[in-house]
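Peer 1: sequence first, predicted coordinates after that:
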Amino acid sequence: MLNFFILSLLIMAASYGEAKSKVFVGNIKPISVPEEDAITVTELVKTSVVEDAQGSLVNTPEDSDYVITGRLVKLGEAYSLTLIKERSTKEVFRTSLKAALMSDMDIVIKRLVRAIDQEVSADKNAGVKDVTLNEEKNQRRRKEVLSQFAFAVGPAATKNMNIDGSSILWNVGYNYEVDFDWDMHVDVDWLTTNRHSEDDAYYFALNFGVSHFFTDGNMSPFVEGHLGYGAAMASTGCSGSSLICSSKDKASGWIVGLGLGMKFFRTATSNFGIVLRGSHMTDETELSHMRPIVGSLMLVGYFH
């Protein structure tokens, strides 16, 4: 799983190094709309080719890798923009989106130009920063930043806690997006062990953290850091007849940690993710004089 996260980051980094496509943008054809609106849309498409598709504009179709043409249609109070991708005067791809208002057209154009460049449907390439008013109105996607409750669980690995059996890390938290690239979160970690292994270890932490998302896409890798305060007990073993385990090898103090994850369906109001997370207690246990470390690969559900 860690290799998957690293590979995703490498692919994104490599994409920035790709050669720019040479693009010729033809005039957008107006249908039931003023010609001035079509001229404005044509200019916005040219700007988006450079800024969003990382392409370069050329003055003639012969010098281009592909040509963009299209049409702008008035549908009641809404607008529909279709962009067409051509090579050697032959259509190779087309896609369209609706805008509830003309003022929403810049978002529609960004989506369409990216879709034309990648040859994917514009309906499937939404990022959290370019959801249209029409999609938000139909409750298909969210347009604003969110506050979400989070619940996570996953297998845990520990160090300096003398645990022989299996462990599970649980997490409950609240996430607040500062913007689409950053969020802050408060959460609680607690560890459960397999009692049949006679482990009497314990771990509990209250954390405050910050996450950074590397893209604004529907699926985005992220890195998070957290600082917390908690308590831990290293296992000293339970007798076979013990009903309650209570270790005397305790520690409490500050906790620091890092995580690397992937969040899916970010344009929805509820979504899920996977995070590989580790936490390190800065204080030593009283008897064994060790600093507990807890790591886990967790599946996270986010609910608005």
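Peer 2: Good, I have the coordinates. Owing to the predicted nature of the structure, the values given are computational and were not obtained by experimental measurement.
Peer 1: flag the shaky bits of the stretch 101-250 of the chain, pLDDT-wise.
Peer 2: 127-143, 164-165, 194-200, 236-247 (pLDDT under 70).
Peer 1: the strands in it, which residues?
Peer 2: Here the stretch 101-250 of the chain has its strands, by DSSP state E, counting those that start in this stretch, at 147-159, 167-177, 182-193, 202-213, 220-233, 250-264.
Peer 1: can you tell me the strand partners of the first one and which way each runs?
Peer 2: In the sheet, strand 147-159 lines up against strand 167-177 (antiparallel), strand 293-303 (antiparallel) (DSSP bridges).
Peer 1: turn these into JSON lines, including distance to Glu86 and mean neighbour count.
Peer 2: To be clear about C-beta, it is placed using only N, CA and C from the backbone, and glycine gets the same treatment. JSON lines is the format used below for the strands paired with strand 147-159 (distance: least, CB to CB, whole Å; neighbours: other CB atoms under 10 Å):
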{"stretch": "strand 167-177", "distance to Glu86": "40", "mean neighbour count": "18"}
{"stretch": "strand 293-303", "distance to Glu86": "41", "mean neighbour count": "19"}
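Peer 1: how about a markdown table for the ones you listed, with distance to Tyr66 added?
Peer 2: A markdown table is the format used below for those (distance: least, CB to CB, whole Å):
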| stretch | distance to Tyr66 |
| --- | --- |
| strand 167-177 | 36 |
| strand 293-303 | 38 |
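Peer 1: what's the closest of these to Val275?
Peer 2: Closest approach to Val275 among these is made by strand 293-303 (5.4 Å; CB to CB).
Peer 1: next, the angle strand 182-193 makes with that closest one.
Peer 2: Orientation check (axes from the mean of the first three to the mean of the last three CA atoms, to 10 degrees): strand 293-303 against strand 182-193 gives 120 degrees.
Peer 1: list of residues touching strand 293-303?
Peer 2: Contact with strand 293-303 is made by 1, 148-161, 169, 171, 175, 189, 191, 203, 261, 263, 270-281, as judged by CB atoms under 8 Å, 6 or more residues apart in numbering.
Peer 1: perfect, I'm done here.
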